[in-house]
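Sequence and predicted structure, then a few things I'm wondering about:
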Amino acid sequence: MDLSSDELNWVIERAIELKAMQHKGVIYEPLKNRVLGMIFEKSSTRTRVSFETGMIQLGGGAIFLSPRDTQLGRGEPIEDSARVLSRMVDVVMIRTFDHEDIECFAANSRVPVINALTDDYHPCQLLADIQTFVEHRGSIKGKTVAWIGDGNNMCQSYINAAQQFDFKLRIATPEGFEPKADIVAEAQDRVLLFTDPQEAVRGAHLVATDVWASMGQEDEQQQRKAKFRNYQVSRELLDLAASDVLFMHCLPAHRGEEVSLDLLDDPRAVVWDEAENRLHAQKALLEFLLCQED
């Protein structure tokens with residue numbers, strides 16, 4: 001939400017260009033001698049590999065920082081860490097729990113700070129999702145998107161994306177698992193809430209979901225399975241959507257839970273393109289943040 005709609009659309013188009021360049025073997029290194037500091041308080045596969053690879057491909061470098069290896073895990077105030085690290089690196093990426101922590105870090109940083117996931121939002125994943133839709137179907141403006149499952153950080157970033165990219169969003173969650181009311185209220189002209197997933201997906205051009213228990217909620221796994229058992233996305237559910245529907249999942253997926261065992265093999269599923277596009281979308285974001293004068 002800190003970028004304008006025009007800026008976000010530029011990032012998407014640039015991501016598609018950078019992807020084409022990389023697939024052709026073009027060497028493009030605008031970030032030579034630039035360093036990305038990567039702070040991880042949550043585990044990761046796609047986020048770490050895509051950011052680290054992206055910096056290498058752009059000619060720069062990346063430093064992995066975990067609480068076990070730094071003063072961050074020994075009680076150093078976030079403000080102090082931000083003031084120090086931002087004097088040493090050119091951009092910071094943070095994957096953490098409390099969204100307030102990343103806001104505090106950014107407020108005390110001299111360099112751009114990228115949200116690589118908090119309990120409230122996952123905006124980098126949305127860049128990849130929108131890029132994937134544009135590649136397969138063209139502009140998402142005016143389309144209908146259905147979110148099925150938990151009203152989690154991914155769902156809340158879809159709410160923000162609905163405002164920024166101008167699409168309609170239908171959210172189907174069990175009672176008590178809705179996204180935060182204040183986030184929904186800010187996008188009330190774009191968002192409709194449902195408890196019936198079949199109703200939510202009717203006519204949708206994109207259907208997306210996520211795991212039923214996110215990181216930090218493992219102790220709720222069995223309870224959530226019972227609550228969400230009617231919210232599995234299957235081939236039959238996709239059949240109720242638009243004839244050209246796409247299915248996305250930020251991964252990792254739990255087959256047999258939020259997705260049916262065979263769904264990721266359905267031709268309407270574009271999850272592997274979506275996963276790859278984390279790399280390209282984040283490269284475009286890094287270029288946008290660090291190459292403004294160009």
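Nice, I can see it.

Would you agree residue 290 is in contact with residue 36?
No. Using CB atoms under 8 Å, residue 290 makes no contact with residue 36, being 9.2 Å away. Yep, even glycine has a C-beta here, placed from its N, CA and C like the rest.

okay, and the common contacts of these two?
Listed as contacting both residue 290 and residue 36 by CB atoms under 8 Å, 6 or more residues apart in numbering are 90-91.

These two - which one has more neighbours?
Shown here are residue 290 and residue 36; by other CB atoms under 10 Å, residue 36 has more neighbours (27 against 19).

Confirm the more buried one sits in a helix?
No. If the criterion is DSSP: H, G, I helix; E, B strand; the rest coil, then residue 36 is strand and not within a helix.

Does the closest residue to it other than its chain neighbours fall in a helix, a strand, or a coil region?
Spatial nearest neighbour of residue 36, chain neighbours left out: residue 62 (4.4 Å); criterion: CB to CB, 6 or more residues apart in numbering. Residue 62 falls in the strand class when you classify it by three-state DSSP.

from memory residue 62 sits against residue 49, does it?
No. Counting by CB under 8 Å, residue 62 does not reach residue 49; the two are 10.4 Å apart.

Between these two, which has more neighbouring residues?
residue 62 (20 against 13).

In contact with that one, which residues?
Residue 62 makes contact with 35-38, 51-52, 55-56, according to CB under 8 Å, 6+ apart.

Repeat that for residue 154.
With CB under 8 Å, 6+ apart, residue 154 has these contacts: 122, 125, 147, 208, 210, 250.

which stretches of the stretch 101-250 of the chain aren't confidently modelled?
215-218 (pLDDT under 70).

residue ranges for the strands of it, please.
With DSSP state E, counting those that start in this stretch as the criterion, the stretch 101-250 of the chain has strands at 113-115, 144-148, 168-172, 191-194, 206-209, 246-249.

Check the offset of the fifth one from the chain's centre.
It stands for strand 206-209. Relative to its parent chain, strand 206-209 has a centroid offset of 13 Å by CA atoms, centre = their mean, to the nearest Å.

residues contacting residue 263?
Applying CB under 8 Å, 6+ apart, the residues near residue 263 are 233-235, 238, 247, 255, 269.

Could you list which of the residues you listed belong to helices?
Among these, the members found in helices (DSSP state H) are 235, 238.

and the closest residue to residue 200 other than its chain neighbours, what does it touch?
Excluding its sequence neighbours, the residue lying closest to residue 200 (CB to CB, 6+ apart) is residue 172, at 3.7 Å. Applying CB under 8 Å, 6+ apart, we find residue 172 in contact with 146-149, 193-197, 199-201, 231.

So which residues of this structure form helices?
So, for the chain - with DSSP H - the helices run 5-23, 46-57, 78-85, 99-107, 123-137, 153-165, 181-186, 197-201, 221-228, 235-238, 271-290.

what mean pLDDT does the longest one have?
For helix 271-290, mean pLDDT rounds to 98.

quick one, it and helix 5-23 angle?
If you take axes from the mean of the first three to the mean of the last three CA atoms, to 10 degrees, helix 271-290 sits at 110 degrees to helix 5-23.

Buried residues in helix 271-290, which are they?
271, 273-290 (16 or more other CB atoms under 10 Å).

Quick one: list the elements packing against it.
When contacts are defined as 3 or more CB pairs under 8 Å, 6 or more residues apart in numbering; DSSP states H and E, helix 271-290 sits against helix 5-23, helix 46-57, strand 91-95, strand 113-115, helix 123-137, strand 246-249.

Reformat the ones you listed as TSV; add distance to residue 157.
Converted to TSV, those look like this (distance: least, CB to CB, whole Å):
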stretch	distance to residue 157
helix 5-23	12
helix 46-57	14
strand 91-95	14
strand 113-115	9
helix 123-137	5
strand 246-249	12
